[in-house]
Structure formats: C-alpha cells, structure tokens
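Novice: quick one, what's the 3D model for this:
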Amino acid sequence: MTTLFLDLETYSETPIRNGTYAYAERAEVMLWAWALDDGPVSVWDLTTSPAPPTPLLLALEDGRVEIWAHNAQFDRTVLRLAAPFQGARIAAQDISRWRDTRAKALCHGLPGELAALCSILDVPVDQAKDKAGRQHMLLFCKPRADGTRATARTHPVEWQRFVEYAGQDIVAMRAVDAKLPQWNYRGAELALWHLDQTINDRGVAVDLELTEAAVAAVAAAQKVLAKRTQALTAGDVTSATQRDAMLAHILAEYGVGLPDLRADTVERRAADPDLPPELRELLALRLQASTTSAAKYATLLRGASIDGRLRGTLQYSGAQRTRRWSGRLFQPQNMPRESMPRDDIAQGIEALKAGCADLVTDNVMALASNAVRGCLVAPAGRKLVVSDLANIEGRVAAWLGGEQWKLDAFARYDAGEGPDLYVVAYARAFAVPPESVGKAERQIGKVMELMLQYEGGVGAFVTGAATYGVDLDELAERAWGSLPAQVREEATEFLAWCRREKRSTYGLSDGAFIVCDALKRMWRAQHEGIVGLWGDLRSAAINATQWPGQTYRAGPRRVDADGKTRAAFAVRRDGNWLRILLPSGNYLCYPAPEVRDGALAYMGVDQYSRKWSRLATYGGKLFENACQSLARDVLAGAMPHIEAAGYEIVLTVHDEVICEAPDTDDYSVAGLSALLAANPPWASGLPLAADGFEAHRYRKG
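Specialist: Got it, this is the predicted structure:
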C-alpha cells in the first residue's frame with residue numbers, strides 16, 4: 001500500500017495555545033511538505049503556486065493510500081477546516097486513512113516530540129529537525145510582536161530557509177516511523193485511535209454564558225481579595241497570589257517560616273488555632289485567590305469553536321507507560337474536587353449567570369471552583385449520560401493476583417449482598433466480623449486499600465494522606481488499640497532499624513509511623529497473591545533484561561479467551577525493548593532496560609523534570625503499570641460498543657465515560673453502565689461494575 005507522508009506549515013492569528021480546533025478555524029496553509037513511500041521529499045509553496053502538485057492530488061484522492069503525519073490531529077483538522085482544495089478536505093474527513101507517528105510513539109512509552117524522538121532513536125543529524133529552522137517557523141507562522149506579518153516578500157532569505165526546514169520534517173518523521181515498534185498501534189488499537197480522533201472532532205458543548213459570567217465573577221473577587229490582602233499587610237503584599245512577597249511578610253511580621261504556599265501547607269497552618277487571627281485570615285485569602293478554576297474558565301473561552309463546542313481535549317496514550325488518556329487544554333482529568341453540596345452548586349451556577357454570586361456565598365472563588373464542571377453541558381434535545389467503572393484498579397489487582405476471596409467480595413457487593421471492600425479490607429486485616437466495622441474503621445480500611453496495593457509502605461501512607469486529606473496521627477490513635485501485639489512489635493523494631501540506618505521516618509510521630517507500618521504488614525498478610533506477584537514481575541523483568549530473546553512468565557495461570565492456559569504476564573526483551581505482554585494482548589513497553597546491582601531501570605520521561613531520563617523501577621511499580629494499563633483496556637474495549645449503541649462519547653475522565661445522547665428513555669445510565677461493565681473476552685472472572693447519572697450539566701458522580 002502506498003503511504004503519503006505530509007506536514008503542514010500554517011499561519012493563524014489565533015494562538016496555538018487556544019487549541020488545534022480554534023487555531024484551525026482561522027488558519028492558512030503556507031507550505032505543504034510531502035513524500036510518497038521512500039520517494040523524494042517535495043515542498044509545495046502555496047504562496048507562489050496555488051495549484052496542488054498532481055502526484056499529491058492523486059494520492060489524496062486514492063482511498064487506498066494511508067496518510068501519515070506527526071501529530072496528525074493538527075494536520076487533519078487544518079485540512080478539514082482550511083484546506084486549499086476539495087480533495088484535501090475530503091481526505092481529511094476520512095479518519096480511517098490517517099496514521100500518527102506521535103501517537104505511535106506515545107503508546108510505546110516514548111515522548112511525542114519529533115525532535116526528542118530523533119535524539120532517542122538515533123536518527124542521524126542530517127535527518128533530525130533543524131533547530132535553527134524553528135526560529136523561521138516562529139517568524140512566519142504567527143503575527144509578529146508589532147502586529148505585522150512576515151512573508152516571503154518581506155524576508156526572502158529566511159523564507160527559503162523555512163522551505164528547507166519544512167522538508168526536513170518529513171525526512172525526520174519518516175526515519176522515526178521506520179524505527180518505531182507497532183505492537184500497540186495496530187488492529188483494535190489503531191481503530192481505537194481512530195475513535196479517539198472522532199471524539200476529539202466531536203467535542204463537548206460548553207455553557208459559554210456561565211463561563212463568561214464565572215470569568216467576570218472571579219476577576220471581581222480577586223480584586224476584593226487583593227484589597228483585603230493589602231489592608232492586612234499594610235501594602236507589603238498587593239495580591240494574595242504573590243508567593244514570595246507573602247512568604248516574606250509572614251516571616252517578618254509573624255515569625256512564621258513556611259516552606260511553601262502549596263494548598264496542603266496553607267490549609268494545615270490556617271487551621272492552627274494558635275496563630276494570630278490576622279495571619280489565619282491572610283492564609284485563607286491565599287487559599288481563595290490561588291484556585292486554578294480561573295485558568296480553566298479562560299481556557300474554555302479561548303478554546304471553544306465557533307459552534308460553542310470545545311474540541312481536542314483528549315490525548316491518546318498521553319500517560320505513556322499505561323497508555324491511558326491524558327487531558328489537553330481544559331485538562332478534564334484534573335478538575336478540582338467538589339467541596340460544596342450539589343444543591344448549593346446548582347444555585348451558585350444560576351447566581352453566577354445572573355451576576356449576583358456574592359449574594360449567595362461569601363467565597364466566590366470556591367463557588368467558581370465547584371462550578372467549573374458545570375460548564376460542560378448537553379445541547380437542546382440531548383442529555384449527558386455518564387458512567388464510571390467502580391474501583392477498577394482494585395478489581396484488576398485482585399484478578400491478576402488470584403485473590404479469590406476479594407473477587408468474591410466484589411461480586412457480593414455488586415449483587416447487594418455484602419459490604420464494600422473498605423469494610424472487608426479492615427475486617428479481614430483485623431480478623432473481626434464485617435458487621436462490626438464502623439465508620440472510623442472503614443476509613444482505615446480505605447486508607448489501606450488505596451495506599452498499599454503497589455508495594456507501598458509508610459511513605460505511601462504519607463503521600464496518600466496528603467492526597468485524601470487523612471490525618472495520620474488521628475489514624476494512629478484510632479487503630480493503635482486494635483493492632484495485634486506481634487505486628488505492633490515488628491513495626492516498632494522496624495522504626496528502630498530505620499533510625500539506626502538513618503532511613504527516613506517522614507517526619508511522623510512514633511505512633512503514626514508504627515501504625516502505618518503495622519497496617520502495611522497486616523494488609524500484605526491478607527494479600528499473598530498480590531505480594532507474590534510483585535516479586536514474580538520483578539524477577540521476570542530482571543531475567544528477561546539479562547537474557548534477551550527468552551520469555552519469562554509471571555502471575556497465576558488462567559484460561560485465556562482462546563481457551564489456552566497461560567500465566568498473567570509474559571516478559572521478554574527483544575533488542576532495546578523490554579516488553580510485558582498483558583492479558584488484553586497489549587504491551588507495557590520499557591525502552592533501554594538495564595540491571596545494575598540487582599535493580600531494574602529503563603529510559604522514560606521523568607514525571608517531575610519532564611526530561612528523558614533513566615528511571616528505576618521495582619515489582620510493585622511494574623504491577624501498578626499493569627493494573628492501570630488493564631483498567632484502561634477495560635474502558636477502551638467498551639468504547640466502540642458504547643458508540644455503536646448510540647451513546648456519543650464526548651470525554652473520558654480517568655475511568656469515567658461521558659456521553660451525549662438523545663434526551664429520551666431509550667438512553668439511560670443503566671444502559672450505558674451495562675455496556676461499560678461488560679467483560680472483554682480476555683477478562684473472564686473479572687468482576688466489573690459501573691454506575692453514573694444522567695444530567696444536562698456535567699458534575700461529579
């Protein structure tokens with residue numbers, strides 16, 4: 001089959017930060033670089049030759065020709081909305097013909113940027129993106145600082161260099177594509193990427209009236225907060241968002257040294273009754289002023305298309321290791337948690353739209369933060385149908401580890417015949433009847449379930465406590481008397497060992513440290529299958545790395561969809577790739593694996609520095625990657641069936657699918673949940689459940 005590689009250089013007065021779709025509505029194609037298969041690279045300069053080259057035209061009109069681009073969503077959207085001729089628009093609308101080297105890289109654990117891929121994959125320098133050419137792209141592709149536009153006429157030398165740069169992109173992309181694996185970008189996964197493109201093209205309707213009202217309300221509230229901040233600091237701090245000035249004032253005026261002004265830090269100190277009232281008020285002002293909802297509202301306004309829909313919010317395989325979706329623009333995966341009753345939020349939304357939010361709340365910033373989900377709506381005559389997979393990672397982990405008691409507990413709970421798993425976790429760890437577990441004990445069970453599944457210990461408790469707002473000293477006080485004496489003694493000895501070895505105790509009190517470590521020991525004693533799988537995966541990955549070409553198995557054996565009995569995982573190194581075959585048929589990919597001093601490491605994008613770095617890993621982390629990846633595969637496997645049933649997916653948020661459907665009884669949350677929780681062929685025996693809601697305005701389920 002013939003392959004057409006293409007890359008567009010465009011001009012638009014709309015900044016690209018507003019998103020591909022808003023940008024493309026005003027875009028103009030200036031240069032079109034292209035090549036057929038391994039043939040020569042050509043650059044069509046539309047500013048001098050408006051007629052398309054015949055070979056390019058014929059390739060676009062031939063439905064058998066695959067069209068490859070790097071970040072194909074951009075090129076395809078520009079051609080669909082601003083193509084210079086009809087044949088290009090028609091080709092852009094046929095999503096099934098398109099392929100994306102960026103998506104192909106992401107789903108194999110590599111970064112998406114072309115320049116980075118050239119470096120990682122050792123694409124020769126003469127085939128790599130010309131960094132100097134980027135300066136010319138910035139010159140010609142957007143308005144200059146003075147509002148004028150650079151063209152071939154105003155900058156002829158730079159323009160010629162720009163044309164050469166465009167051609168180099170094709171050479172680089174083609175060379176990168178030849179070196180990329182295709183394990184996770186073919187068959188059903190390729191079809192899933194096509195569905196992802198359809199979802200991004202569809203977009204989600206936005207209540208622009210609410211969005212504009214919220215922007216105005218937030219701006220007014222910020223002025224009020226700034227005025228009060230100035231009054232409390234005698235003008236030393238002009239806005240509560242000024243971090244350095246705020247820290248300096250608090251230290252100088254009150255003698256309180258704060259390490260930072262992160263929300264969790266400020267919340268803890270603002271609740272301290274020993275602080276002066278003026279300082280606690282100042283910290284409260286900081287919390288209100290630093291909410292991120294204002295930025296989300298602004299993004300909605302900038303990114304919405306002419307028809308009032310926000311498009312391009314999902315990045316296929318954006319979470320590179322696990323292939324889960326990540327967010328773009330509005331970042332739907334990172335919306336603030338609701339902290340107000342639902343009725344108050346609904347009333348507040350109406351107040352925002354009426355311009356009187358300050359009459360219903362004394363914290364407009366908190367209201368705006370709670371209302372941001374409500375900007376996503378269903379258009380007239382339609383509704384949103386939303387469903388979320390219940391505790392999918394916990395279910396997958398139990399299924400992979402062969403924890404039958406836990407699978408049975410999930411099944412009983414789903415059938416309405418047993419308690420939830422947080423109650424079960426506590427009851428099993430402390431050897432008490434589930435019916436004796438109260439609210440406080442259930443909270444302990446919840447902490448254990450959320451923090452210990454992936455080989456976490458005391459450090460995981462500290463991280464999780466910050467995430468879920470758990471006071472570990474209170475947790476220790478509640479749990480201390482119920483700890484078995486032997487387990488408490490072992491945890492106490494471990495604390496002493498940590499101190500002797502100068503290991504971190506995470507700043508915890510002795511009691512909190514001992515209880516956290518004791519709970520870890522108790523949880524592990526009840527999850528022998530999962531604990532054993534941590535070690536099996538680690539050993540298999542190390543052995544496979546050291547012995548390329550050999551396949552190592554890990555996990556309990558089960559009957560697959562094809563009737564064959566296999567272990568949960570098959571681990572193998574081929575060339576410079578360590579791969580873990582999942583029950584779903586997809587792979588976890590670890591580039592450039594290495595074993596040093598018995599520890600496994602690989603190359604990946606560091607989540608903190610965002611740089612391509614060598615990352616250490618361990619059995620629990622490999623298990624976490626596998627659970628999250630399989631949870632994604634459950635969701636992904638259901639999506640084509642959901643679409644086929646008439647539920648039009650507009651977003652996915654973690655394990656939740658958000659659909660738009662006709663506002664009739666034919667489409668219901670029960671119907672959607674049944675589709676979402678249907679077992680894929682590879683997941684026999686995995687208990688799945690889903691639930692959600694129907695509404696005209698999105699909210700937290």
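
Novice: I'd say residue 370 and residue 345 touch.
Specialist: Yes: the pair residue 370 / residue 345 is scored as a contact, 4.9 Å apart, by Cβ atoms under 8 Å. Every residue, glycine included, has its C-beta placed from N, CA and C.

Novice: and these two? Which one has more around it.
Specialist: Comparing residue 370 with residue 345 by other Cβ atoms under 10 Å, the one with more neighbours is residue 370, at 26 against 19.

Novice: let me see the contact set for that one.
Specialist: 336, 338, 339, 340, 344, 345, 348 (Cβ atoms under 8 Å, 6 or more residues apart in numbering).

Novice: list buried residues within those.
Specialist: Neighbour counting by 16 or more other Cβ atoms under 10 Å classes 336, 338, 340, 345, 348 among the contacts of residue 370 as buried.

Novice: can you pull out the strands in the stretch 351-500 of the chain?
Specialist: Secondary structure of the stretch 351-500 of the chain, counting by DSSP state E, counting those that start in this stretch: strands at 376-377, 382-389.

Novice: let's test this: mean pLDDT of the longest one, rounded?
Specialist: Pointing back at strand 382-389 there. Averaging pLDDT along strand 382-389 gives 97.

Novice: same check on stretch 497-510?
Specialist: Confidence for stretch 497-510, expressed as mean pLDDT, is 92.

Novice: ok so, going back, what's the closest of the buried ones among the contacts of residue 370 to residue 508?
Specialist: Within those, proximity to residue 508 (Cβ to Cβ) peaks at residue 336, which comes in at 28.1 Å.

Novice: and the closest one, helix, strand or coil?
Specialist: coil (DSSP: H, G, I helix; E, B strand; the rest coil).

Novice: quick one: low-confidence parts of the protein?
Specialist: Along the chain, segments meeting pLDDT under 70 span 1, 125-133, 292, 559-564.

Novice: got the domain boundaries for the protein?
Specialist: Taking automatic domain parsing as the reference, the chain has its domains at 3-180, 204-377, 404-526, 629-695.

Novice: okay, how far is it across the second one, tip to tip?
Specialist: What that stands for is domain 204-377. Length of domain 204-377, first residue to last, Cα to Cα, to the nearest Å: 7 Å.

Novice: quick check, residue 536 in a helix?
Specialist: Yes: using three-state DSSP, the assignment for residue 536 is a helix.

Novice: test my guess that it contacts residue 556.
Specialist: No: between residue 536 and residue 556 no contact is recorded; they are 9.3 Å apart, counting by Cβ under 8 Å.

Novice: those two - which one has more neighbours?
Specialist: residue 536 (23 against 16).

Novice: how about the nearest residue to that one, chain neighbours excluded?
Specialist: Distance criterion Cβ to Cβ, 6 or more residues apart in numbering; nearest residue to residue 536, sequence neighbours excluded, is residue 554 at 3.9 Å.

Novice: show me what the helix or strand where the one you found lies is in contact with.
Specialist: Secondary structure assignment for residue 554, by DSSP states H and E: strand 551-559. Under the contact criterion Cβ under 8 Å, 6+ apart, strand 551-559 has outside partners 400-402, 529, 533, 536-537, 539-541, 543-544, 565-572, 583, 684-685.

Novice: then stretch 396-404?
Specialist: Contacts for stretch 396-404 (Cβ under 8 Å, 6+ apart): 406-407, 410, 453, 527, 529-533, 555-556, 568, 583, 623, 626-627, 630-631, 634, 683, 685-687.

Novice: please check the residues you listed and keep the buried ones.
Specialist: 406-407, 410, 453, 527, 529-533, 555-556, 568, 583, 623, 626-627, 630-631, 634, 683, 686-687.

Novice: tell me which of those fall in helices.
Specialist: By the criterion of DSSP state H, membership of the buried ones among the contacts of stretch 396-404 in helices covers 406-407, 410, 529-533, 623, 626-627, 630-631, 634.

Novice: okay, those in CSV with distance to residue 480 next?
Specialist: CSV is the format used below for these (distance: Cβ to Cβ, whole Å):
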residue, distance to residue 480
406, 26
407, 32
410, 30
529, 29
530, 26
531, 24
532, 29
533, 31
623, 30
626, 35
627, 31
630, 37
631, 34
634, 39
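
Novice: nearest to residue 219 among these?
Specialist: The nearest one, if we look at those relative to residue 219 and count by Cβ to Cβ, is residue 631, at 39.6 Å.

Novice: could you give the number of residues near the residue lying closest to the closest one once chain neighbours are set aside?
Specialist: Nearest non-adjacent residue to residue 631, counting by Cβ to Cβ, 6+ apart: residue 392, 4.4 Å away. Here the number of neighbours of residue 392 (other Cβ under 10 Å) works out to 24.

Novice: same deal with the one 10 residues further on?
Specialist: When neighbours are counted by other Cβ under 10 Å, residue 402 registers 19.

Novice: how much space between it and residue 445?
Specialist: 21 Å (Cβ to Cβ, to the nearest Å).

Novice: then stretch 404-413 to PDB, C-alphas only?
Specialist: Provided in PDB are the C-alpha atoms of stretch 404-413 (Å, rounded to 0.1, in the frame of the first residue of the first chain):
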ATOM      1  CA  GLN A 404     -10.400 -15.100  45.000                       C
ATOM      2  CA  TRP A 405     -11.700 -14.100  48.400                       C
ATOM      3  CA  LYS A 406     -11.500 -10.500  47.200                       C
ATOM      4  CA  LEU A 407     -13.100 -11.200  43.800                       C
ATOM      5  CA  ASP A 408     -15.900 -12.900  45.700                       C
ATOM      6  CA  ALA A 409     -16.300  -9.900  48.000                       C
ATOM      7  CA  PHE A 410     -16.600  -7.600  44.900                       C
ATOM      8  CA  ALA A 411     -19.200  -9.900  43.400                       C
ATOM      9  CA  ARG A 412     -21.200  -9.900  46.600                       C
ATOM     10  CA  TYR A 413     -21.100  -6.200  46.900                       C
END
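
Novice: off-centre distance for that stretch?
Specialist: Offset of stretch 404-413 from its chain centre (Cα atoms, centre = their mean, to the nearest Å): 29 Å.

Novice: stretch 373-386 too?
Specialist: 22 Å.

Novice: do the same with stretch 181-196
Specialist: On the basis of Cα atoms, centre = their mean, stretch 181-196 sits 19 Å off its chain's mean C-alpha point.

Novice: name the nearest residue to residue 471, sequence neighbours excluded.
Specialist: residue 465 (7.3 Å).

Novice: the one you found - how many residues pack around it?
Specialist: Using other Cβ under 10 Å, residue 465 is surrounded by 21 other residues.

Novice: would you confirm that it contacts residue 473?
Specialist: No: counting by Cβ under 8 Å, residue 465 stays clear of residue 473, with 9.9 Å between them.

Novice: contact partners for the residue sitting furthest away from the middle of the chain?
Specialist: Residue farthest from the centre of the chain, counting by Cα atoms, centre = their mean, is residue 153 at 43.9 Å. The contact partners of residue 153, by Cβ under 8 Å, 6+ apart, come to none.

Novice: follow-up on the earlier one: what's around the residue nearest to residue 536, how many residues?
Specialist: So residue 554, with other Cβ under 10 Å, has 27 neighbours.

Novice: identify the bridge partners of it.
Specialist: Taking DSSP bridges as the rule, residue 554 bridges to residue 569.

Novice: make sure residue 149 is indeed in a helix.
Specialist: No: applying three-state DSSP, one finds residue 149 to be coil, outside a helix.
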